[in-house]
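Engineer: need the 3D shape of this:
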Amino acid sequence: MRTALEMYEFAIKNGYGRDALFIRRGLKHFEVIANYLTPEDDVVLTFLAEYKINAKNNIGVSAFALTNKKIIIGQHGVVTRERSKQVMLKNINDITKKTYYMAGEIVFQTIDDVFSALFVPKCMKKVYKAVISHMDCLRTSSARLNESPQYVIPAQVPIDPMCDEKMTKRIMHFKKLADEGFITQEEFEAKKRKIMGI
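Structural biologist: Residues are numbered from 1 along each chain as shown. All right, here's what the predicted structure looks like:
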């Protein structure tokens, strides 16, 4: 996902957020995020929620995007025109959920501060499950990248069976995400090709 429309449609199609928003307003929030994406960013999850800073200040409905490196929060407003926040995944210490009578909250604790996303409880549970699943996947992938060499193995060198096992596990993880509806079949096939080096 790279465009505001793709991110918005993903969030709405999966029930990740405030689908009652007018499409124009939701797209504006995701346009803010699209402006901050770098070529290295691979967006894996998007959602719309009320954005809260330091567990006190409710900023309003915003778009959230989880990439392979960071969480980007974007809001397009009338007064502030554009507001964004980027948090590197390595700086997130904890992610928790809270359920209230009429709302649910996902709380992100970082090295420097705390911010959260507010939803209706049913939606919060779906988004929380997706966030945790993607964070686990990204952390596992990152750990594997750090332990493996960063060069291409020539074709004539036999592939290590442990490497083959790791590739299979990664592919199976993305297959599970596709089966559960967190990613599309096309996204799964693209991830599989990338893992296999095709």
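Engineer: starting at the chain centroid, how far to the helix or strand harbouring Lys191?
Structural biologist: Per DSSP states H and E: Lys191 is located in helix 185-196. With CA atoms, centre = their mean, to the nearest Å as the basis, helix 185-196 stands 17 Å off its chain's centre.
Engineer: next: stretch 126-133.
Structural biologist: Put simply, stretch 126-133 sits 9 Å off its chain's centre (CA atoms, centre = their mean).
Engineer: and Pro39, which of the three is it?
Structural biologist: coil (DSSP: H, G, I helix; E, B strand; the rest coil).
Engineer: measure it to Asn68 for me?
Structural biologist: Separation of Pro39 from Asn68 (CB to CB, to the nearest Å) stands at 12 Å. For glycine as for every other residue, the C-beta is placed from the backbone atoms N, C-alpha and C.
Engineer: between the two, who's got more neighbours?
Structural biologist: Asn68 (15 against 6; other CB atoms under 10 Å).
Engineer: can you get me a residue count around the nearest residue to the more buried one once chain neighbours are set aside?
Structural biologist: Leaving aside its sequence neighbours, Asn68 sits nearest to Asp42 (CB to CB, 6 or more residues apart in numbering; 4.3 Å). Applying other CB under 10 Å, we find 17 residues neighbouring Asp42.
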